[in-house]
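Colleague: Need a 3D model of the sequence below.
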Amino acid sequence: MTQPKTILLLSGLSGAGKTTALKTLEDMGWEVVDNLPLVLLDRLLDTPLPAGHAGSDDRPLALGIDARTRDFNANAIVQRIKAMRERHGHDIETLFLDCSGTELERRFAETRRRHPLALDRPAADGIARERELTEPLRRWASQVIDTTSFTSNALQQEIRSRFSRERLSDPVLTILSFGFSRGVPRNADLMFDMRFLRNPHWDADLRPKTGLDPDVAAYIREDPAYEDAVGRIEDLLATLLPRYSEGGKTYITVAFGCTGGKHRSVHVAQRVANYLQAAGFSPTVLHRNIESTPQDSLEKRRPGGPKA
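Modeller: Coordinates of the predicted model:
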């Protein structure tokens, strides 16, 4: 093959959805090869399609690689990809499919499959071993998808969204608000803690409202630290986001958290999204916990006590 080729290296933990992702890419017109021995990779790239083949040689190529692949060595794979980029000019992206250990154990129990790295031991042992083996790939991957809460259909939609051949070149920017008491988002690239701001939860009139309501926003803005802190965050993002784009990052998630995810984080996320939109970015805003029921026990202070 003489022309540079678009290549996606797809790896991840067993049970995290690699088969589903590869099948979806194949349905989208990608050429897909799973568990190819790495010593044969150059030969594959140099082999033209047979005469009369229905496909075309400009199809993007998806390579599935995991800990079962012969001569698997995560650090060696990273170095090999770097060398291929420099030598052939291939456009190579890396995607790692992650998943929580508890969910992986549930999936293996549900399907009655044995973990490939723990055929005679509990699945948890194999999951821990595989996570250790693949950590260099996860750390180096240009994209990571955590499939813990994904159904098979949701993962298919995510793959189609990210790897459609007609996708835009600009990175997809998501501004996310969330509540720390309800779990930290696993896919956030940047995370800011808004719990230092005055908390509307302890105002009886504001408690049932959200950070999108004007009176809640006004209450938060009255905090003496608000304007300086949020302004600095906006300046930081204006500096960092173009650098992420220049580095080839295709998905960027900026998360803002408060205790419950209903007031402070919502307001700040919305303000920052508006600022970035005015600066020429195209953010998507998601408020993960805005519909959650306020609970005093989660806010960690009683009225009249110190800020949560």
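Colleague: Where do the helices of the chain begin and end?
Modeller: Assigned helices in the chain, in chain order: 18-27, 41-46, 74-88, 101-111, 123-140, 152-163, 214-221, 226-246, 264-278, 296-299 (criterion: DSSP state H).
Colleague: Could you export those as JSON lines, including mean pLDDT and distance to residue 287?
Modeller: Any C-beta I mention is one placed from the backbone N, CA and C, and that applies to glycine too. Converted to JSON lines, those look like this (pLDDT from 0 to 100; distance: least, C-beta to C-beta, whole Å):
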{"stretch": "helix 18-27", "mean pLDDT": "91", "distance to residue 287": "28"}
{"stretch": "helix 41-46", "mean pLDDT": "69", "distance to residue 287": "44"}
{"stretch": "helix 74-88", "mean pLDDT": "74", "distance to residue 287": "37"}
{"stretch": "helix 101-111", "mean pLDDT": "89", "distance to residue 287": "24"}
{"stretch": "helix 123-140", "mean pLDDT": "89", "distance to residue 287": "28"}
{"stretch": "helix 152-163", "mean pLDDT": "84", "distance to residue 287": "19"}
{"stretch": "helix 214-221", "mean pLDDT": "96", "distance to residue 287": "13"}
{"stretch": "helix 226-246", "mean pLDDT": "92", "distance to residue 287": "17"}
{"stretch": "helix 264-278", "mean pLDDT": "96", "distance to residue 287": "5"}
{"stretch": "helix 296-299", "mean pLDDT": "61", "distance to residue 287": "17"}
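Colleague: most tightly surrounded among those?
Modeller: helix 264-278 (a mean of 22; mean count of other C-beta atoms under 10 Å).
Colleague: so which of the helices of the chain comes closest to residue 190?
Modeller: Residue 190 sits nearest to helix 226-246 of all these, at 7.3 Å, using C-beta to C-beta.
Colleague: counting contacts, what elements does the closest one pack onto?
Modeller: strand 190-193, strand 251-258, helix 264-278 (3 or more C-beta pairs under 8 Å, 6 or more residues apart in numbering; DSSP states H and E).
Colleague: Show the model's pLDDT score for the residue lying closest to residue 198 once chain neighbours are set aside.
Modeller: Spatial nearest neighbour of residue 198, chain neighbours left out: residue 223 (4.5 Å); criterion: C-beta to C-beta, 6 or more residues apart in numbering. pLDDT, residue 223: 96.
Colleague: thinking residue 223 is in contact with residue 197, fair?
Modeller: Yes - contact criterion C-beta atoms under 8 Å: residue 223 and residue 197 qualify, at 4.8 Å.
Colleague: So for those two, which residue has more residues nearby?
Modeller: Just comparing residue 223 and residue 197: by other C-beta atoms under 10 Å the higher neighbour count belongs to residue 197, 25 against 17.
Colleague: before we move on, the earlier item: columns distance to residue 201 on top of the helices of the chain, output as CSV?
Modeller: Formatted as CSV, the helices of the chain follow (distance: least, C-beta to C-beta, whole Å):
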stretch, distance to residue 201
helix 18-27, 40
helix 41-46, 55
helix 74-88, 45
helix 101-111, 30
helix 123-140, 36
helix 152-163, 32
helix 214-221, 10
helix 226-246, 16
helix 264-278, 9
helix 296-299, 5
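Colleague: closest to residue 289 out of these?
Modeller: Among the helices of the chain, the nearest to residue 289 by C-beta to C-beta is helix 264-278 (8.2 Å).
Colleague: list the helices and strands that closest one packs on?
Modeller: Helix 264-278 sits against strand 172-179, helix 214-221, helix 226-246, strand 251-258, strand 283-287, with contacts defined as 3+ C-beta pairs under 8 Å, 6+ apart.
Colleague: go again using 10 Å as the cut-off
Modeller: Using 3 or more C-beta pairs under 10 Å, 6 or more residues apart in numbering; DSSP states H and E, the elements in contact with helix 264-278 are strand 172-179, strand 190-193, helix 214-221, helix 226-246, strand 251-258, strand 283-287.
Colleague: Just give me the neighbour total for residue 99.
Modeller: 23.
Colleague: And it, how far from residue 130?
Modeller: Residue 99 sits 11 Å away from residue 130, taking C-beta to C-beta, to the nearest Å as the criterion.
Colleague: joint contacts of the two?
Modeller: 12, 13, 14, 15, 16 (C-beta atoms under 10 Å, 6 or more residues apart in numbering).
Colleague: thinking again about what came up before, how about the helices and strands packed on helix 264-278 in a markdown table, adding distance to residue 105?
Modeller: As requested, the helices and strands packed on helix 264-278 are arranged in a markdown table below (distance: least, C-beta to C-beta, whole Å):
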| stretch | distance to residue 105 |
| --- | --- |
| strand 172-179 | 25 |
| strand 190-193 | 27 |
| helix 214-221 | 41 |
| helix 226-246 | 34 |
| strand 251-258 | 27 |
| strand 283-287 | 29 |
